[in-house]
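Colleague: Next input, structure requested:
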Amino acid sequence: MAKIIELKTERLLLRRWKKRDFPVFSTMNADPLVMEYYPDVLTETESDAMAHKFESLLAKRSWGFWAVELIKEKQFIGFVGLHKPTYALPVTPCVEIGWRLGKEYWGNGYATEGAKASLKFAFEELNLNEVYSFTSVLNKKSRSVMARLNMQNTEANFEHPIIPKNHRLREHVLYKITKKQWENTTV
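Modeller: Numbering: from 1, shown residues only. Okay, the predicted model is just below:
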């Protein structure tokens, strides 16, 4: 088992998952607004399974989709981090960056702040050459976060393999940032 890396920003702690995060995460995953760009909301069992998976991947690799906590309030607000998708994408194998926050925390820059810390870790500690992000073409909020991260739209939309055919969310955009692009924007 690897030592789990934690990342700290001015306002956020990206940390290992705790049992007390699970009910809050379940409420978030049952919210139709939070899950608007996913095929469906999650049951408590499905949400807990997802949190356990994130937790086990962190234990295995030391990095992954971290639980995000507001430092000052000591409040769990969702997840941000890095992941290696196991399903076939146009760019696999790859590392993606992703996030999901409770709706009451939207609009405060938390996703961008946590994602910037994750990119710094990806390029400085993991020495990755590139990181991808993808979402439904309809998800303007996540696409805005990708743009704030200086990720570039590859203009290579694709049909997401785990979303049912003919589903309104199946078409996804693919964004990417290289280590060089990231270095040029952090100077």
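Colleague: Can you tell me the element Glu69 falls in?
Modeller: In this assignment (DSSP states H and E), Glu69 forms part of strand 65-70.
Colleague: May I have the strands that pair with that strand, each with its orientation?
Modeller: Using DSSP bridges, the strands paired with strand 65-70 are strand 12-15 (antiparallel), strand 75-83 (antiparallel).
Colleague: Please enumerate the strands of the protein.
Modeller: Using DSSP state E, the strands of the chain run over 7-8, 12-15, 65-70, 75-83, 96-101, 130-136, 152-153, 158-159, 171-178.
Colleague: Where is the longest helix in the protein?
Modeller: Ranked by residue count, the top helix of the chain under DSSP state H comes out as helix 44-61.
Colleague: elements contacting it?
Modeller: With contacts taken as 3 or more Cβ pairs under 8 Å, 6 or more residues apart in numbering; DSSP states H and E, helix 44-61 sits against helix 21-29, strand 65-70. No exception for glycine: its C-beta is placed from N, CA and C like everyone else's.
Colleague: make it 10 Å
Modeller: Helix 44-61 sits against helix 21-29, strand 65-70, strand 75-83, with contacts defined as 3 or more Cβ pairs under 10 Å, 6 or more residues apart in numbering; DSSP states H and E.
Colleague: Tell me what angle it forms with strand 75-83.
Modeller: Helix 44-61 runs at 60 degrees relative to strand 75-83, counting by axes from the mean of the first three to the mean of the last three Cα atoms, to 10 degrees.
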